[in-house]
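Asks: with the sequence up front, the predicted model follows.
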Amino acid sequence: MRQVSAKPYAFPIEGDFDPRSAALVVIDMQRDFCDPGGYMGQRGGDLTAAQALIPRITALRSAARAAGMRVIYTREGHASDLGDLPASKRAKTRRAGAEIGSTGALGRLLVRGEVGWDIVPELAPAAGEAVIDKVGTGAFFATELEHRLRVQGVEQVVLVGVTTGVCVSTTAREASDRGFHVLVLSDCCAEPDPHMHEIALSLLQIEGGYIATVAESASLLDVLLTSAKPEGVSR
């Protein structure tokens, strides 16, 4: 049986890991969350961990592509008129010192079309790779993600990106509730506070991994590289 070594159980929990029926979901690796001039930097968050993800996700993505695994990106942001921004969300970001829609070094914070809203250049999607634009923290809320996964026969999702405690965790819960097998890669997710990162990972594994199972990227790479060895990635 071909499975990815993970805790508290191997991925997927039943059956084989098949890259052709799996998707690597790269969550919110945008300049607003990874660049000091963006939204998270404006909040005063430490971006060291988020920036360290970029080469790891890049290597993982190469292996996923070579093995025939789909790569999907999410991008959080709001319309320029902020007509899709709930008052409560706006108030919370204002309280944190980075009100959505206010002007920062990379343009208006978390507003579609601004420099900060786009995905970091190192992880720019290739032609044909889907980008899911979202207004909430979860990638399934008010998006076409579930429909796209169902149409393409995807049953297994691997989540990476930022932040562990908010958008990654919310997406993991949404995916689990919809019946997808969920794997979260601990060293390919980040939170400004490392302690909160660990707490978030622990909560995903609550009740024996009811939401998700968790592994380091090396475990997935070991499986992917048995199918194909992509350029620039070594075992």
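Replies: Ah, there it is.
Asks: what about the helices in this protein?
Replies: For the chain, helices defined by DSSP state H occupy the ranges 31-34, 39-43, 48-66, 87-95, 145-151, 169-177, 194-204, 206-209, 217-224.
Asks: can I get these in CSV with distance to Ala126, mean pLDDT and mean neighbour count?
Replies: Yep, even glycine has a C-beta here, placed from its N, CA and C like the rest. Shown next, in CSV, are these (distance: least, CB to CB, whole Å; pLDDT from 0 to 100; neighbours: other CB atoms under 10 Å):
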stretch, distance to Ala126, mean pLDDT, mean neighbour count
helix 31-34, 19, 98, 27
helix 39-43, 26, 97, 23
helix 48-66, 8, 98, 19
helix 87-95, 31, 98, 13
helix 145-151, 16, 98, 16
helix 169-177, 21, 98, 21
helix 194-204, 28, 98, 16
helix 206-209, 32, 98, 11
helix 217-224, 17, 97, 20
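Asks: ok, now how distant is Ala215 from Gly45?
Replies: According to CB to CB, to the nearest Å, Ala215 and Gly45 sit 25 Å apart.
Asks: extract the CA atoms of the longest strand anywhere in the chain and return them as PDB.
Replies: Counting residues, the longest strand found in the chain (DSSP state E) is strand 181-190. Coordinates of the C-alpha atoms in strand 181-190 are reproduced here as PDB (Å, rounded to 0.1, in the frame of the first residue of the first chain):
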ATOM      1  CA  HIS A 181      -8.800  13.100   2.900                       C
ATOM      2  CA  VAL A 182      -6.700  16.000   4.300                       C
ATOM      3  CA  LEU A 183      -3.000  16.100   4.900                       C
ATOM      4  CA  VAL A 184      -1.400  19.300   6.300                       C
ATOM      5  CA  LEU A 185       2.400  19.600   5.900                       C
ATOM      6  CA  SER A 186       3.800  21.100   9.100                       C
ATOM      7  CA  ASP A 187       7.000  22.500   7.700                       C
ATOM      8  CA  CYS A 188       5.200  24.100   4.700                       C
ATOM      9  CA  CYS A 189       2.700  26.100   6.900                       C
ATOM     10  CA  ALA A 190       3.500  29.100   9.100                       C
END
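Asks: let me see the contact set for the nearest residue to Tyr39 once chain neighbours are set aside.
Replies: Excluding the flanking residues, the one nearest Tyr39 by CB to CB, 6 or more residues apart in numbering is Asp32, at 4.0 Å. Counting by CB atoms under 8 Å, 6 or more residues apart in numbering, Asp32 makes contact with 38-40, 76-77, 106, 109-110, 116-117.
Asks: restricted to strands, list those.
Replies: Those of the contacts of Asp32 mapping onto strands are Glu76, per DSSP E.
Asks: possible to save the contacts of Asp32 as JSON lines with distance to Ala142?
Replies: Output for the contacts of Asp32, formatted as JSON lines (distance: CB to CB, whole Å):
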{"residue": "Gly38", "distance to Ala142": "23"}
{"residue": "Tyr39", "distance to Ala142": "20"}
{"residue": "Met40", "distance to Ala142": "22"}
{"residue": "Glu76", "distance to Ala142": "12"}
{"residue": "Gly77", "distance to Ala142": "13"}
{"residue": "Leu106", "distance to Ala142": "25"}
{"residue": "Leu109", "distance to Ala142": "20"}
{"residue": "Leu110", "distance to Ala142": "15"}
{"residue": "Gly116", "distance to Ala142": "21"}
{"residue": "Trp117", "distance to Ala142": "17"}
